[in-house]
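Chemist: Would you be able to build a 3D model of this:
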Amino acid sequence: MMNQNNCVQQKMMCVTMENLMPQGHFLRQLDRFIDFSFIYQRVEHMYSQTGRRSIDPVVIVKMLLLGYLYGINSERRLEKEIEVNIAYRWFLGIDLDEAVPDHSTLSQLRRRKFKGSTIFEEIFAEIVKQCIEYELVGGKLLLTDSTHVRANVRNDISERILVDIEPSAYLSRLNDEARRDGILCEENEDTKPAKQKEQLKSPTDPDAGFMKRPGKPLGFHYLSHQTCDGKHGIITDVCVTPGNATDASVHSERIKHQIDTFGFQPDAVCADAGYDSSEIHKDMLDKGIQTYIPQRAPSCGELTVFSIHDFEYDEESDSLTCPNGCKLVFSTYRKKLGCKRYKSTAKQCNNCPIRENCISGTAKYKEVERTYHKSATDKQHRANGSPEYLAAMRLRKIWCEGNFSHQKANHNLARLRKRGLGNAYEHCLLSATALNLKRMVRLLNHSPENLIWLKILRMPRNIWTSAIFMPLCQQLR
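Modeler: You can find the predicted model right below:
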């Protein structure tokens with residue numbers, strides 16, 4: 001028989017937030033594993049010791065994290081969701097009869113108090129450090145990739161500007177090294193003014209870069225560069241650049257940052273072919289780190305002639321030998337490219353039987369350009385195809401690409417809602433932090449040993465007595 005509940009009688013019930021909160025809810029597990037009280041020390045210098053009491057900064061940070069944990073990409077909607085969601089209120093410590101902080105409070109705090117600070121970077125780093133304490137991060141294999149994040153601008157409104165083509169920090173370092181080696185003399189250096197190139201800029205967000213890559217959407221984007229640990233895919237670093245930057249431009253710097261911040265001692269790093277740069281190979285080789293990076297495919301112009309890989313290099317004589325056995329000697333150093341140029345003689349190439357496959361156009365002799373640290377690149381590429389290389393490439397595809405896909409689908413990484421490089425960095429940091437928290441809870445929730453270590457780590461140091469500590473150790477056995 002069908003029943004109709006036509007009259008709903010309001011009841012007065014005596015309940016607590018603790019009773020209303022489901023025992024198996026994700027936020028209850030997150031609160032059990034993570035103690036957010038460290039935020040007080042990070043923001044203490046931002047608050048005055050006098051005046052009206054502020055909203056609890058831990059509540060503010062937790063509200064922002066809720067938006068990224070549950071894909072709520074609007075602070076107005078976040079406020080409304082917290083008003084009606086008991087789990088959100090329980091996590092924030094806001095009772096049923098208490099008002100939820102207004103959405104304008106979040107935006108004003110970001111603009112006035114948190115802007116220019118490193119608070120979100122510190123929160124991200126603290127979560128990673130807690131993952132290290134729980135042994136969820138190995139730090140031996142670091143996997144790097146980047147993804148495009150749509151800027152909050154219109155792609156059909158842009159302006160063309162001229163910018164100077166300035167050498168990168170790595171190219172300046174190469175030129176200094178070439179001067180020390182005596183192949184770049186001051187009197188031979190080019191003193192012409194820097195060349196300029198035309199770029200598209202958005203008048204709404206000048207920091208965004210116009211991305212034009214094969215297989216990628218055309219328009220204004222930012223690039224989120226992320227490094228993941230090979231053990232469980234925990235994100236250990238986030239860096240944001242304009243969308244027209246190259247992938248390899250920040251890799252070495254960010255690996256060094258992780259070594260200095262977390263004390264990693266990586267054995268290897270892995271990335272896709274976009275990171276096949278002599279800068280990365282040389283910097284990692286100097287640190288004793290193996291690179292698992294595919295060799296970049298030759299450009300279309302190199303397909304009709306012999307490429308640099310067909311010429312054998314002799315380090316003692318600093319010369320190249322062509323496939324026909326002719327020797328190419330060092331000619332000049334190209335300062336703007338960081339390359340050494342080698343060339344043969346017209347006499348050697350006149351009667352060469354493979355001349356048509358080697359020299360294009362009306363050239364009389366062969367010229368080959370070789371990057372300054374090509375030897376380091378070749379040494380690192382020797383591991384390509386090994387079982388370790390194949391395993392690392394598989395993990396990179398699982399963790400890096402999988403993390404990006406999950407973040408874009410569930411953690412607000414598909415498109416920015418704020419403008420400016422600093423705000424984009426904050427957005428990507430919070431998205432990565434949300435993913436780390438979810439993965440951390442899932443891993444710890446399925447590991448009894450980690451739950452026991454959690455009890456130990458969260459004990460005050462002054463009560464680490466044998467009477468408490470020994471029973472826990474017995475459980476670990």
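Chemist: Quick check: mean pLDDT of stretch 98-105?
Modeler: Stretch 98-105 shows a mean pLDDT of 89.
Chemist: Just the buried positions in that stretch, please.
Modeler: Buried residues in stretch 98-105, counting neighbours by 16 or more other C-beta atoms under 10 Å, are found at 100-101, 103, 105. Bear in mind the C-beta positions are built from the backbone N, C-alpha and C, glycine included.
Chemist: got it, and stretch 439-446?
Modeler: 439-441, 443-445.
Chemist: would you put the C-alpha positions of that stretch in PDB?
Modeler: The C-alpha trace of stretch 439-446 is given here as PDB (Å, rounded to 0.1, in the frame of the first residue of the first chain):
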ATOM      1  CA  ARG A 439      45.700  10.200  -1.200                       C
ATOM      2  CA  MET A 440      47.200  10.500   2.300                       C
ATOM      3  CA  VAL A 441      43.900   9.600   4.000                       C
ATOM      4  CA  ARG A 442      43.300   6.700   1.600                       C
ATOM      5  CA  LEU A 443      46.800   5.200   2.100                       C
ATOM      6  CA  LEU A 444      46.800   5.600   5.900                       C
ATOM      7  CA  ASN A 445      43.300   4.300   6.300                       C
ATOM      8  CA  HIS A 446      44.400   1.000   4.700                       C
END
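Chemist: so where's this structure shaky on pLDDT?
Modeler: 7-9, 165, 167, 186-194, 298-305, 361, 447-477 (pLDDT under 70).
Chemist: Tell me which stretches of it form strands.
Modeler: 141-150, 159-164, 196-201, 209-211, 219-229, 235-242, 268-270, 290-292, 312-314, 319-321, 327-334, 339-343, 367-371 (DSSP state E).
Chemist: Would you mind getting the angle between the second one and strand 196-201?
Modeler: When you say that, I think you mean strand 159-164. 140 degrees (axes from the mean of the first three to the mean of the last three C-alpha atoms, to 10 degrees).
Chemist: just how off-centre is strand 159-164 within its chain?
Modeler: 28 Å (C-alpha atoms, centre = their mean, to the nearest Å).
Chemist: Would you mark the buried spots in that strand?
Modeler: Applying 16+ other C-beta under 10 Å to strand 159-164 flags no residue as buried.
Chemist: Please name the strands paired to it in the sheet, noting orientation.
Modeler: Paired neighbours of strand 159-164 in the sheet (DSSP bridges): strand 196-201 (antiparallel).
Chemist: Send over the strand it pairs with as PDB, restricted to the C-alpha atoms.
Modeler: Written as PDB, here are the backbone C-alpha positions of strand 196-201 (Å, rounded to 0.1, in the frame of the first residue of the first chain):
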ATOM      1  CA  GLN A 196      62.800  41.500 -30.500                       C
ATOM      2  CA  LYS A 197      59.900  39.200 -31.100                       C
ATOM      3  CA  GLU A 198      56.200  39.800 -31.300                       C
ATOM      4  CA  GLN A 199      54.000  38.200 -28.600                       C
ATOM      5  CA  LEU A 200      50.200  38.100 -27.900                       C
ATOM      6  CA  LYS A 201      49.300  39.500 -24.500                       C
END
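Chemist: What lies in contact with that strand?
Modeler: Applying C-beta atoms under 8 Å, 6 or more residues apart in numbering, the contact partners of strand 196-201 are 158-165, 210, 220, 244.
Chemist: Out of the strands of the chain, which is closest to residue 113?
Modeler: For the strands of the chain, the distance to residue 113 is smallest for strand 235-242, at 21.1 Å, taking C-beta to C-beta.
Chemist: before we move on, the earlier item: now distance to residue 74 too, for the strands of the chain, in CSV please.
Modeler: Shown next, in CSV, are the strands of the chain (distance: least, C-beta to C-beta, whole Å):
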stretch, distance to residue 74
strand 141-150, 16
strand 159-164, 29
strand 196-201, 27
strand 209-211, 25
strand 219-229, 19
strand 235-242, 21
strand 268-270, 36
strand 290-292, 40
strand 312-314, 57
strand 319-321, 59
strand 327-334, 51
strand 339-343, 50
strand 367-371, 47
